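*Asks:* Sharing a model that was predicted from the sequence below.
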Amino acid sequence: MRHILIVSIFALFLLLLACTVVSTSPYSYDESDYMYATKLGLVANYTDTPTVSIVDFLQIGFSRGRDLRQNSRLSEFIRGSDDIVFYRHWHGPLYFYWLILTSHADFDEHRMRLLTLAFPICSLLVIYFGCIWILGQDYGSKAAALGSALFVFSIPTIRSTELAPHQAFVCCFLACLILLSKTLATGKRSYFYGAVVAAALSCCLLEVGFVTVATVMICGYLERQKLGADRTLIVRSLLTFVGTVLLIWPSAIMKLSFLKGYLFMAYLSIFRKSPWGEEGFVDTWGKRISSSPIEWSIIAAALLAWIFLRRPEGNRRILYPFVLYGAMMLAATLRVTTATPRYALLFQPALDVLAGCVLAPHLVRLKRHAASYTLLVIFSVALFTETWVELRRHPVFTDLRLVSLLEYIREKHLDNSWMLVPQVDLPMLHYYFPNLHLRGYTDQEFSTLNAGNAEGVLYPGFPIRYEAPLAGGSDPTK
């Protein structure tokens with residue numbers, strides 16, 4: 001009952017904080033594409049139908065992918081084919097099964113985003129009871145409380161309420177890491193197979209699931225003696241992974257959709273200068289740390305303690321999967337230079353749990369039992385205050401441009417027209433007005449924009465500016 005009460009309190013505070021930053025705006029660029037993929041239905045997402053073949057995918061990439069001036073034309077071609085993998089932004093379909101299920105309730109944008117909070121609550125349960133499971137009552141209860149506080153009052157956890165697979169990915173990789181730690185503690189193969197399943201599920205959510213798979217493989221190799229590694233272990237692990245993927249996302253293998261996602265990520269990293277944002281590496285990490293200085297200070301202290309301090313042990317060795325995963329994910333996302341909170345979710349929760357588990361033995365060593373709990377309460381209050389202040393400093397506002405744009409099209413009865421629009425607006429307009437005939441243009445193409453047969457041109461910025469093109473298809477920007 002004590003543990004249930006503590007988890008309930010953490011869940012309550014998580015909801016209280018997160019509900020204040022759930023947007024009421026229309027669906028944005030990514031969200032609109034995700035919801036359009038959701039509208040295509042369960043069968044389409046399960047079978048990746050329709051989608052371009054891997055051969056056509058490679059030909060398109062080599063012929064058009066390197067020319068930045070072809071970005072909008074490339075997007076237009078793929079959208080014209082109704083490629084469902086493209087609309088999912090090359091992610092696996094597991095999260096979209098959730099969207100398909102919840103979309104039947106016919107909720108508005110705000111309530112659909114509120115439902116996303118089910119995933120951090122699930123992650124909270126994994127963290128709290130997982131820490132107790134792998135470390136036992138003494139160390140585990142302290143680790144559970146501190147790790148949960150770090151996770152629940154973390155800016156990435158609270159602010160990542162948009163429709164996206166990242167919160168679900170956190171559940172999977174945390175479950176995988178805890179199962180790996182339990183494998184190290186017991187040497188039981190069943191826990192290792194469980195970690196393989198969790199890694200496979202993470203690959204059915206995001207392309208960076210390969211980091212989870214790599215963590216499982218490295219841990220399996222390092223623990224080969226404890227696991228009694230033989231051909232049976234290797235074959236069963238491989239079959240478990242493939243079987244899980246085939247059950248959740250058969251086209252990942254049958255249509256090589258896995259490969260498309262990885263190739264697209266490689267393309268972004270190699271050929272796009274700033275694929276995730278214009279912020280630099282220093283700016284990105286400056287914002288991450290300045291928004292949560294107490295959290296990052298605790299993480300830094302825990303990492304230093306894990307590296308340099310040998311006593312108290314506290315089952316220190318079984319925590320190395322968290323260190324391994326965190327280091328590899330940080331390396332894999334090094335080029336993701338944006339302070340958008342959901343991208344920090346890929347690694348920060350692992351560091352939160354690691355910090356809780358590493359510092360727990362030091363809390364247990366306190367002579368008075370009440371002193372450790374007092375210190376945990378102080379940490380929790382400090383973390384909560386830090387997050388509350390940050391949310392007050394940077395509140396979430398409704399995007400008035402998106403609201404005005406939708407109202408403008410409805411009021412002017414343009415929902416069946418043919419128009420040129422900024423590429424950033426295209427997914428939203430395509431989702432809300434499926435009968436619109438749209439062609440997108442990027443900033444690079446703006447100066448040479450030719451209206452062709454378009455009935456009108458939507459310009460960037462606010463207030464809304466929509467004009468009929470000049471006669472003869474001449475440049476409407478002149």
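*Replies:* Cool, got the structure.

*Asks:* can you pull the pLDDT of the most centrally placed residue in the chain?
*Replies:* In the chain, the residue lying closest to the centroid (Cα atoms, centre = their mean) is residue 166, at 2.0 Å. On the pLDDT scale, residue 166 is placed at 96.

*Asks:* again with residue 369
*Replies:* 71.

*Asks:* any idea how far residue 13 is from it?
*Replies:* With distances taken as Cβ to Cβ, to the nearest Å, residue 369 is found 24 Å from residue 13. Where C-beta positions appear, they are placed from N, C-alpha and C, glycine not excepted.

*Asks:* go on, residue 285?
*Replies:* 27 Å.

*Asks:* now swap in residue 117 and tell me
*Replies:* Taking Cβ to Cβ, one finds residue 117 at 12 Å from residue 13.

*Asks:* before we move on, back to that, looking at residue 369 and residue 13, which one has more neighbours?
*Replies:* Counted by other Cβ atoms under 10 Å, residue 369 and residue 13 do not tie: residue 13 has more neighbours, with 19 against 9.

*Asks:* Next up, the contacts around that one.
*Replies:* 152, 153, 384 (Cβ atoms under 8 Å, 6 or more residues apart in numbering).

*Asks:* and if we set it to 6 Å?
*Replies:* Not one residue lies near residue 13 by Cβ atoms under 6 Å, 6 or more residues apart in numbering.

*Asks:* chain center to the strand or helix carrying it, what's the gap?
*Replies:* In this assignment (DSSP states H and E), residue 13 forms part of helix 2-18. What separates the centre of helix 2-18 from the centre of its chain is 22 Å, taken as Cα atoms, centre = their mean, to the nearest Å.

*Asks:* what's the answer for stretch 301-310, then?
*Replies:* Worked out by Cα atoms, centre = their mean, stretch 301-310 lies 29 Å from the chain centre.

*Asks:* Report the rounded mean pLDDT for that stretch.
*Replies:* So the average pLDDT for stretch 301-310 ends up being 83.

*Asks:* swap in stretch 347-366?
*Replies:* pLDDT averaged over stretch 347-366 gives 90.

*Asks:* How far does that stretch sit from its chain's centre?
*Replies:* 23 Å.

*Asks:* in that stretch, what's buried?
*Replies:* Across stretch 347-366, burial judged by 16 or more other Cβ atoms under 10 Å covers 347-364.

*Asks:* next structured bit after the helix holding residue 13?
*Replies:* Next element after helix 2-18 (DSSP H and E): helix 29-39.

*Asks:* Where does the prediction get shaky in this structure?
*Replies:* 62-76, 269-277, 310-314, 367, 444-452, 470-478 (pLDDT under 70).

*Asks:* again, only this time at 80
*Replies:* 56-81, 265-279, 308-316, 364-370, 442-454, 469-478 (pLDDT under 80).

*Asks:* Show me how this structure divides into domains.
*Replies:* 2-19+116-393, 400-473 (automatic domain parsing).

*Asks:* Those: which one's closest to residue 25?
*Replies:* domain 400-473 (5.6 Å; Cβ to Cβ).

*Asks:* Quick check: which helices or strands does the host helix or strand of residue 322 pack against?
*Replies:* Using DSSP H and E, residue 322 sits within helix 320-332. The contact analysis (3 or more Cβ pairs under 6 Å, 6 or more residues apart in numbering; DSSP states H and E) places helix 320-332 against helix 166-186, helix 209-222, helix 348-364.

*Asks:* try it again with 10 Å
*Replies:* helix 166-186, helix 209-222, helix 293-308, helix 348-364 (3 or more Cβ pairs under 10 Å, 6 or more residues apart in numbering; DSSP states H and E).

*Asks:* Give me the distance between the shortest one and the centre of its chain.
*Replies:* Right, helix 209-222. That offset, for helix 209-222, works out to 20 Å (Cα atoms, centre = their mean).

*Asks:* Which elements pack onto the very next helix or strand once past that helix?
*Replies:* Using DSSP H and E, the next helix or strand after helix 209-222 towards the C-terminus is helix 224-227. In terms of contacts (3+ Cβ pairs under 10 Å, 6+ apart), helix 224-227 is packed against helix 166-186, helix 189-203, helix 209-222, helix 231-248.

*Asks:* Using a markdown table, lay out these together with distance to residue 97.
*Replies:* Converted to a markdown table, the helices and strands packed on helix 224-227 look like this (distance: least, Cβ to Cβ, whole Å):
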| stretch | distance to residue 97 |
| --- | --- |
| helix 166-186 | 10 |
| helix 189-203 | 11 |
| helix 209-222 | 16 |
| helix 231-248 | 8 |
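
*Asks:* looking at the ones you listed, which is closest to residue 375?
*Replies:* Across the helices and strands packed on helix 224-227, closest to residue 375 is helix 166-186 (Cβ to Cβ), at 23.9 Å.

*Asks:* Which residues in that closest one does the neighbour count mark as buried?
*Replies:* Neighbour count says helix 166-186 has 166-185 buried, by 16+ other Cβ under 10 Å.

*Asks:* same question, stretch 240-260
*Replies:* Quick answer for stretch 240-260 (16+ other Cβ under 10 Å): 240-241, 244-245, 248-249, 251-252, 255-258, 260.

*Asks:* The closest residue to residue 461 other than its chain neighbours: how many residues sit nearby?
*Replies:* Of all residues beyond its chain neighbours, the one nearest residue 461 is residue 401 (7.9 Å), with distances taken as Cβ to Cβ, 6 or more residues apart in numbering. When neighbours are defined as other Cβ under 10 Å, residue 401 has 16 of them.
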